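A.B. asks: Could you work out the structure for the sequence below:
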Amino acid sequence: MGIGVRRERGVSLLEVMVVLAIAALLATIAMPSFARMRRAASLSAATNQLLYALNFARSAAILQSVPVTLCLSADGESCLDSAAAAGIGWLVFYQAAGPAAAPLLHSFRLPDDVNVHGTRAAVTFWPVARAGTTSTFDLCVGGRPAPPGRAVVVSQTGRSRVATEEAACAP
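C.D. replies: Reported below is the predicted structural model:
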């Protein structure tokens, strides 16, 4: 047997530093994209929750034969007085009782960076398979970079849908 050459295995300090520098550069480049993706996911989840709440209110009105209201809320306990104010969520309750007098059927609080505005602060669904009022709810994300907002439209028949046009979000 001959004398073998001993080889060291591992990486040098210089190689580790180069790899860390490249990883830091890639992370710096990816951060804005990741932030935008996170905001878009928050907006998408909020839109789906609003569609669920509207469909739930419509179904509850028809099944229970009583009017059911979905209203925007700024505190999670009471309805907004004006459609001009921004909401941080919504409440669903039987119309006759009001949000303070009856247990809530459904409530939702939006993520911190998402808010909602409506052409009306509340929509009432009647047991005859129609909405009492039409409305458009604009869901918007704050911060930069912000994805385009989404608009949820409630028709006179009570059907809710996501509009093809962007929501009217303030820059």
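A.B. asks: mind listing the helices for the chain?
C.D. replies: 13-64, 98-101 (DSSP state H).
A.B. asks: of those, which approaches Ala86 most closely?
C.D. replies: Closest of the helices of the chain to Ala86 is helix 13-64, at 13.0 Å (criterion: C-beta to C-beta). Just so you know, the C-beta spots here come from the backbone N, C-alpha and C atoms, and that holds for glycine as well.
A.B. asks: Nearest to the spatial middle of this structure, which residue is it?
C.D. replies: For the chain, the residue lying nearest the average C-alpha position, counting by C-alpha atoms, centre = their mean, turns out to be Ala46 (1.9 Å).
A.B. asks: about what we covered before: tell me which of the helices of the chain lies nearest to Thr124.
C.D. replies: helix 13-64 (8.2 Å).
A.B. asks: helices or strands next to that closest one in the packing?
C.D. replies: Contacts of helix 13-64 with other secondary structure elements, assessed using 3 or more C-beta pairs under 8 Å, 6 or more residues apart in numbering; DSSP states H and E, are made with strand 68-73, strand 89-94, strand 106-109, strand 114-118, strand 122-126, strand 135-141, strand 150-154, strand 160-166.
A.B. asks: Relative to Cys71, how far out is Gly158?
C.D. replies: According to C-beta to C-beta, to the nearest Å, Gly158 and Cys71 sit 16 Å apart.
A.B. asks: Revised request: answer the last question for Leu26.
C.D. replies: 46 Å.
A.B. asks: more crowded one of the two?
C.D. replies: The neighbour comparison of Leu26 against Cys71 (other C-beta atoms under 10 Å) goes to Cys71, with 22 against 10.
A.B. asks: Help me confirm that that one comes into contact with Trp90.
C.D. replies: Yes - under the criterion of C-beta atoms under 8 Å, Cys71 makes contact with Trp90 at 6.4 Å.
A.B. asks: count of neighbours near Ser155?
C.D. replies: 12.
A.B. asks: can you check Ser65 too?
C.D. replies: Residues contacting Ser65 under the criterion other C-beta under 10 Å number 9.
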